[in-house]
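[1] any chance you could fold what I've pasted below:
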Amino acid sequence: MIRAGRRHLVRTLADLAAQQGVRTHSYLIAKRHLVDGFPAPISSAGSRTRLYDGEQVDAFLAGQPVPALPTEDDHQDLLDRRECAAALGISPRTWDKYKTTYPILAEHMVKVGGVEHWPRSILHQHQTEQATKATAPPGRPTRSGDQVPRDQLLPLTAPLLDADPTISAARVTEELGVHRDTAQDALLRLRADRIAHLMLTDPSLTPDQSAAALGYPAGQVRRATVRAQAVLRAHRAAPYLADVAQAMHQAGWTTTAAVPDVQHPADDLVVASLVLDGTSAPAPALVWDERHGWRTATSRRHPLTKGAVPPSPGDGIRYLAQGTTPPPDALTAALRA
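    Residues are numbered from 1 along each chain as shown. Reported below is the predicted structural model:
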């Protein structure tokens, strides 16, 4: 870290090279900063850019004893990203989200030697603000509804998850004013989608490995990893479902060739519904269940039944064709029969 009042003394490797009259490349090849007794960097371990205290460097080059740096913490100390993360008990990756999410951190960032730093006092202020929020009365007023429209829930929850992969449903409830179950569902869907996306990017990853790579604690993602696998299966089934939608449209049973709406009613299940809104449609809607294939539905508005148990045949419910993914033309023929 850069101790209070010593910002003007900070030097980069390029500064050290210039001080000794050589190019930076030559300085690095000669490893002049690695000779015995050379002052240690003041930047945190692992930092890409090494920073040094000029007073210490000058003393070393002059053959004088290298003065010790202050050891007592000061509210004006400047901390880099790794040091800030350590101070808050989070990972550097999570800090990278924090620094853009919380205005107080974004506003007080300073660059020294090309490296981002934050005053220790601002970290303390940030912690105080978060502690104040955490001790506020939890939840919402009795019988109050969600304060966020359903179509805005995921877009508003996503930045909170970006800022803190370990965020809880209680915290989302506090931030957005929604029911805890609503917040839990939003986090489940977002985490599952992101785990699935990462697995699509790197098929060698397991759901648990993907969750860990995204910074999601194991205790929070058991349902999300299950749902992520269903999301992957839905992704693989999408081309087939699109072909069926096209066949229904060509038969004149739908006004558009829109892809069926995919849902996950039991986290580990993929179902899809296709409304048949054509004037000569043989049924109000079709439902595809990855376990049982296609069936007709009796309602255009609510084609899916509640829960994961499929309805029994009869009263307008008819199971169609053979297998779970019959060819579109076989499905069309079954509907005409």
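[2] give me the below-cutoff pLDDT ranges for the stretch 1-150 of the chain.
    Residues of the stretch 1-150 of the chain meeting the criterion pLDDT under 70: 132-148.
[3] what segments of it are helices?
    Assigned by DSSP state H, counting those that start in this stretch, the helices in the stretch 1-150 of the chain fall at 13-19, 24-30, 54-61, 81-88, 92-101, 103-107, 120-134, 150-163.
[4] just the CA coordinates for the shortest one, please, in PDB.
    Listed next in PDB are the C-alpha coordinates belonging to helix 103-107 (Å, rounded to 0.1, in the frame of the first residue of the first chain):
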ATOM      1  CA  PRO A 103     -20.800   5.100  -6.100                       C
ATOM      2  CA  ILE A 104     -18.700   5.900  -3.100                       C
ATOM      3  CA  LEU A 105     -16.000   3.500  -4.400                       C
ATOM      4  CA  ALA A 106     -16.200   4.600  -8.000                       C
ATOM      5  CA  GLU A 107     -16.000   8.300  -7.000                       C
END
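[5] other SSEs contacting that helix?
    Helices and strands touching helix 103-107, as assessed by 3 or more CB pairs under 8 Å, 6 or more residues apart in numbering; DSSP states H and E, comprise helix 92-101, helix 120-134. (C-beta placed from N, C-alpha, C; glycine too.)
[6] make a markdown table out of those and add mean neighbour count.
    Output for these, formatted as a markdown table (neighbours: other CB atoms under 10 Å):
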| stretch | mean neighbour count |
| --- | --- |
| helix 92-101 | 16 |
| helix 120-134 | 14 |
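[7] name the nearest residue to residue 22, ignoring sequence neighbours.
    Excluding its sequence neighbours, the residue lying closest to residue 22 (CB to CB, 6 or more residues apart in numbering) is residue 30, at 7.6 Å.
[8] the most centrally placed residue in the chain and residue 93, how far apart?
    Geometric centre of the chain, nearest residue: residue 162, 4.6 Å, by CA atoms, centre = their mean. Using CB to CB, to the nearest Å, residue 162 is found at 11 Å from residue 93.
[9] try residue 130
    18 Å.
[10] right, and residue 53 touches residue 9 too?
    Yes - contact criterion CB atoms under 8 Å: residue 53 and residue 9 qualify, at 5.4 Å.
[11] so these two - more neighbours on which side?
    Counted by other CB atoms under 10 Å, residue 53 and residue 9 do not tie: residue 53 has more neighbours, with 21 against 18.
[12] what about the more buried one, distance to residue 222?
    Distance, residue 53 to residue 222, using CB to CB: 49 Å.
[13] swap in residue 210?
    14 Å.
[14] skip the chain neighbours and tell me the closest residue to residue 283.
    residue 296 (3.9 Å).
[15] what secondary structure does the one you found sit in?
    Per DSSP: H, G, I helix; E, B strand; the rest coil, the secondary structure class of residue 296 is strand.
[16] with distance to residue 251 added, can I get the helices of the stretch 1-150 of the chain in a markdown table?
    Shown next, in a markdown table, are those (distance: least, CB to CB, whole Å):
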| stretch | distance to residue 251 |
| --- | --- |
| helix 13-19 | 71 |
| helix 24-30 | 70 |
| helix 54-61 | 79 |
| helix 81-88 | 59 |
| helix 92-101 | 49 |
| helix 103-107 | 56 |
| helix 120-134 | 57 |
| helix 150-163 | 32 |
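[17] nearest to residue 204, of these?
    Closest approach to residue 204 among these (CB to CB): helix 92-101, 21.1 Å.
[18] and that closest one, what does it pack against?
    Other elements packing on helix 92-101 under the criterion 3+ CB pairs under 8 Å, 6+ apart are helix 81-88, helix 103-107, helix 150-163.
[19] quick one: contacts of that helix?
    With CB atoms under 8 Å, 6 or more residues apart in numbering as the test, helix 92-101 has contacts from 81-82, 84-85, 88, 90, 105-106, 109, 116, 118, 159, 162-166, 215.
[20] all set now, cheers.
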